[in-house]
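In: Next one to model:
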Amino acid sequence: MGYLLFQITLFAYILSTAGYMVYFWTQRNEIRTTARGILIGSGLLHTIYIIVRYFEAGHTPLTNHHEAVAFFAWSVTWGYLSFHWRYNVRNFGTFVSPIITILMLIATFSSREIVPLPPALKSAWLPIHASIAIMANGFLALAFSGGIMYLLQERELKKKRFGLFYTRLPSLEALDNLNNHCLAVGFPLLTLGIITGSIWAKQTWGAYWQWDPKETWSLITWFLYAALLHQRFTVGWRGRRAAIMTIIGFSAAMFTLWGVTYLLGGVHSYVG
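Out: Numbers count the residues shown, from 1 in each chain. The predicted structure is shown next:
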């Protein structure tokens, strides 16, 4: 049942992404409304899938690559919807929905095998630390999307050739504010993820920090975003520099999620 539900959810995400793409070209509001409705339905189906997976596995479904990436996609979905209900950012869904679909496709081709938990994962800290860390990536993905949109709009304005993106993307100020709002949620979650991971490490291995590759790259990612926010509040960094730093920071976050797991190993490599 779980696999069928996942496939239905993936198909719904693909339909939603296609709808947002069509809306981007046509700018017909009824198509946007339909795409958003399908995305909400996809998010609800995805929530049910995570619950079903929990009962199938007998533990929090965040312990292998399939589960982690699927939860990542779920976090991006509901993070986007929460921002949409509060802020009206034109065509944001067109840039976010492909990320969700790509994540779901990655999860599709990842092993769904349920294996017994290693001793280190048999802890109440598993759902706390893992869910917070992945939700942080979800909001950072939204900031990344906003950064891409900012650079595309700025390029149109600089060239003074007002084409496809100029008429469809929000103002630079709106996109910069979006970037800031996403970081205002994502960075505290990233910080909390590192803190809860350190507490868990202390209980499991007897030390708060071991300089494991994933711990090290998590810290590097944290410093990148901390530097961006520091420059925003002290020097007034906005616009292009902030957008570029957001993209660099998200790249570091994705290397922490995937690059470290498959290239550097370490005690966190069981996530793969």
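
In: so how far is Tyr225 from Phe139?
Out: Noted for Phe139: a distance of 11 Å to Tyr225, by CB to CB, to the nearest Å. Where C-beta positions appear, they are placed from N, C-alpha and C, glycine not excepted.

In: correction: Leu175
Out: To Tyr225, Leu175 is 18 Å away according to CB to CB.

In: Ok, Met245 next?
Out: 8 Å.

In: what do you get for Phe55?
Out: 36 Å.

In: which stretches of this structure have low pLDDT?
Out: Low-confidence segments of the chain, defined by pLDDT under 70: 263-272.

In: Grab the most central residue of it for me.
Out: The centroid of the chain falls nearest to Gly138 when counting by CA atoms, centre = their mean (2.3 Å).

In: and the helix or strand that contains that residue, how far from the chain's centre?
Out: Using DSSP states H and E, the secondary-structure element containing Gly138 is helix 125-159. Here helix 125-159 shows a centroid-to-chain-centroid distance of 6 Å under the convention CA atoms, centre = their mean, to the nearest Å.

In: again, but for stretch 44-59
Out: The answer for stretch 44-59 is 19 Å, by CA atoms, centre = their mean.

In: which parts of it are buried?
Out: Under the neighbour-count criterion of 16 or more other CB atoms under 10 Å, stretch 44-59 has 45-46, 49-50, 52-54, 57, 59 buried.

In: same deal with stretch 87-105?
Out: Using 16+ other CB under 10 Å as the test for burial, stretch 87-105 gives 89-101, 103-104.

In: now stretch 57-69
Out: For stretch 57-69, by 16+ other CB under 10 Å, it's 57, 59-69.

In: mind checking how far Ala184 is from Asn137?
Out: Taken as CB to CB, the span from Ala184 to Asn137 is 15 Å.

In: The two: who's more crowded?
Out: Each of Ala184 and Asn137 has its neighbours counted (other CB atoms under 10 Å); Asn137 has more, 27 against 12.

In: wouldn't Ile40 be in contact with Leu81 here?
Out: Yes: using CB atoms under 8 Å, Ile40 makes contact with Leu81 at a distance of 6.5 Å.

In: which residues touch the residue nearest to Phe255 when sequence neighbours are not counted?
Out: In space, and not counting its chain neighbours, Phe255 is closest to Trp217: 6.2 Å by CB to CB, 6 or more residues apart in numbering. Residues near Trp217 by CB atoms under 8 Å, 6 or more residues apart in numbering: 252, 255-256, 259-260.

In: which of these has the most neighbours?
Out: Thr256 (24 neighbours).

In: now that residue: how far from Lys214?
Out: 6 Å.

In: Just say helix, strand or coil for Leu62.
Out: coil (DSSP: H, G, I helix; E, B strand; the rest coil).

In: Do I have it right that it meets Ile128?
Out: No: contact criterion CB under 8 Å: Leu62 and Ile128 do not qualify, at 10.3 Å.
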